[in-house]
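[1] based on what follows, work out the 3D shape:
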Amino acid sequence: MWQKTPEELRQALTAPFPNGDIEWRVSATNKEKTKGLAVPYVTNRAIQNRLDDTVGIDGWHNEFKPWKDEKAQLCGISIYFHERKQWLTKWDGADDSDIESVKGGLSDSMKRAAVEWGIGRYLYGMTQVWVSIEQRGSLTGNTGGYPAERESMGPAAFPIFTSPGISMRKPLTWRKAG
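    The predicted structure is shown next:
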């Protein structure tokens, strides 16, 4: 059983993630699809580990509900507050994605619900970086492509992404946006 004040819980949930837990994707492209906007995100596994480490494996749970005529998903993340003897749930939702539609919607809605608790919220304040990309395969929606220089990127080529009090230098992991 975890014993944290509300402020200690907030600090633990909102702490920056280790570099290894942050991944990057291309969220938007220019009209020619030669440059893409690299944005950071954390995986659901990193979010689950943060919750397990912060409130224990029995101190939280999530729940999903179909939304928008079952073309989107809502996720609620609940944390149990022992002193009040009740669960507090925060909800958010996301449309099903173009790739693995329902799975993508479930995953995205959980990431958004985690942000409601402050988990990974600082990532939204990070510097946006436009990178060169090349198209691979068929692209749907706003996916963009992959970095053109990915084969030759050495440590000096890794962009630096910054947020207040945080500086990261890390190779980019490129995934189609979805």
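[2] three-state assignment of A94?
    Taken by DSSP: H, G, I helix; E, B strand; the rest coil, the conformation at A94 corresponds to strand.
[3] list the contacts of it.
    Neighbouring residues of A94 by C-beta atoms under 8 Å, 6 or more residues apart in numbering: 72-73, 105, 108-109, 111-112. To be clear about C-beta, it is placed using only N, CA and C from the backbone, and glycine gets the same treatment.
[4] what's the lowest-pLDDT member of the residues you listed?
    In terms of pLDDT, G105 ranks lowest among those, with 70.
[5] and the helices in this structure?
    Ranges of helices in the chain, per DSSP state H, are 6-14, 44-55, 101-116.
[6] and those helices: which comes nearest I133?
    helix 101-116 (20.7 Å; C-beta to C-beta).
[7] show me what the closest one is packed up against.
    strand 35-42, helix 44-55, strand 60-67, strand 72-81, strand 86-95 (3 or more C-beta pairs under 8 Å, 6 or more residues apart in numbering; DSSP states H and E).
[8] now do the last one and helix 101-116, the angle between them.
    With axes from the mean of the first three to the mean of the last three C-alpha atoms, to 10 degrees applied, the angle from strand 86-95 to helix 101-116 works out at 130 degrees.
[9] shaky segments in the protein?
    Counting by pLDDT under 70, the chain contains low-confidence residues at 1-2, 98, 100-102, 104, 135-178.
[10] can you rerun that using 90?
    Scanning the chain with the threshold set as pLDDT under 90 gives 1-6, 19-20, 22-29, 32-40, 64, 66-74, 82-85, 92-109, 124-178.
[11] ok so, going back, out of the contacts of A94, the closest to V42 would be?
    Nearest to V42 among the contacts of A94 is K111, at 7.2 Å by C-beta to C-beta.
[12] what number of residues lie near the closest one?
    Close neighbours of K111, defined as other C-beta atoms under 10 Å, add up to 21.
[13] just checking, it touches N44?
    Yes - under the criterion of C-beta atoms under 8 Å, K111 makes contact with N44 at 6.6 Å.
[14] what sits against R121?
    By C-beta under 8 Å, 6+ apart, the contact list for R121 reads 14, 115.
[15] how far away is it from N30?
    Remark: distance between R121 and N30 (C-beta to C-beta, to the nearest Å) = 28 Å.
[16] gap between A28 and D96?
    20 Å.
[17] so for these two, which residue has more residues nearby?
    Counted by other C-beta under 10 Å, A28 and D96 do not tie: D96 has more neighbours, with 22 against 15.
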